[in-house]
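Visitor: build me a structure from this.
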Amino acid sequence: MAKMYFYYSAMNAGKTTTLLQSSYNYNERGMETILFSPSLDDRYEVGYITSRIGLNSKALPFDKDFNFFEYVQKRIQEAESAQKISCILVDEAHFLTKKQVFELGDVVDTFDIPVLTYGLRSDFQGEPFEGSKYLLTLAENLVEIKTVCQCGRKATMNLRMDESGKAVRHGEQIEIGGNDRYIALCRKHFKTGETGHGA
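Guide: As a prediction, this is how the structure comes out:
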């Protein structure tokens, strides 16, 4: 019986590397996977999922209006005699809308295809992303991918930084960036804003 999974963590825990490894494992056994990544994440190249360690794979970009259920249904109808879709993987799943999380649940329940989603639990202000909130509610399997704070404790929070490495506490929820803009911290250092960067 297929299930929906949410692999969640703070920044820089290796979510994307884990996603690409999972897809590779399916492909190595001759199984087809479909990979999705948000079109607004343009840090590398739209239409690709790229990990910090240099692994990458083609992916289908999605925006807030994309309908996952309709897309998968169409793919299945167009390829009745073709290879069955074995797994769907979604990178940066915190950018999903509530509606899209429900659509992915419908994919699991209707077509018996497992859906593996990978994303952040919370934003730079400690608030949950819409996608993450509903994945935490609807996914059968919740898997934490752990990373560490600069102090050695488990990092659970994501702090946004300015150009000088100082904590940014206000702004739009979504601002694309990598290690130059965000750092994973434990709760204590998230509250104090000690990033270990700058003066």
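Visitor: okay, buried residues for stretch 17-35 please.
Guide: T17, T18, L19, L20, S22, S23, Y26, T33, I34, L35 (16 or more other C-beta atoms under 10 Å). Just so you know, the C-beta spots here come from the backbone N, C-alpha and C atoms, and that holds for glycine as well.
Visitor: the second one is in what secondary structure piece?
Guide: In this structure, T18 sits in helix 15-28 according to DSSP states H and E.
Visitor: picking up where we left off before, identify the farthest-apart pair in the buried residues of stretch 17-35.
Guide: By the measure C-beta to C-beta, T17 and I34 form the most distant pair in these, at 18.7 Å.
Visitor: related to what we said a few turns ago, so can I have JSON lines of the buried residues of stretch 17-35 showing pLDDT and distance to M157?
Guide: Shown next, in JSON lines, are the buried residues of stretch 17-35 (pLDDT from 0 to 100; distance: C-beta to C-beta, whole Å):
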{"residue": "T17", "pLDDT": "91", "distance to M157": "21"}
{"residue": "T18", "pLDDT": "93", "distance to M157": "20"}
{"residue": "L19", "pLDDT": "93", "distance to M157": "22"}
{"residue": "L20", "pLDDT": "93", "distance to M157": "25"}
{"residue": "S22", "pLDDT": "94", "distance to M157": "25"}
{"residue": "S23", "pLDDT": "95", "distance to M157": "28"}
{"residue": "Y26", "pLDDT": "95", "distance to M157": "32"}
{"residue": "T33", "pLDDT": "95", "distance to M157": "31"}
{"residue": "I34", "pLDDT": "96", "distance to M157": "31"}
{"residue": "L35", "pLDDT": "96", "distance to M157": "28"}
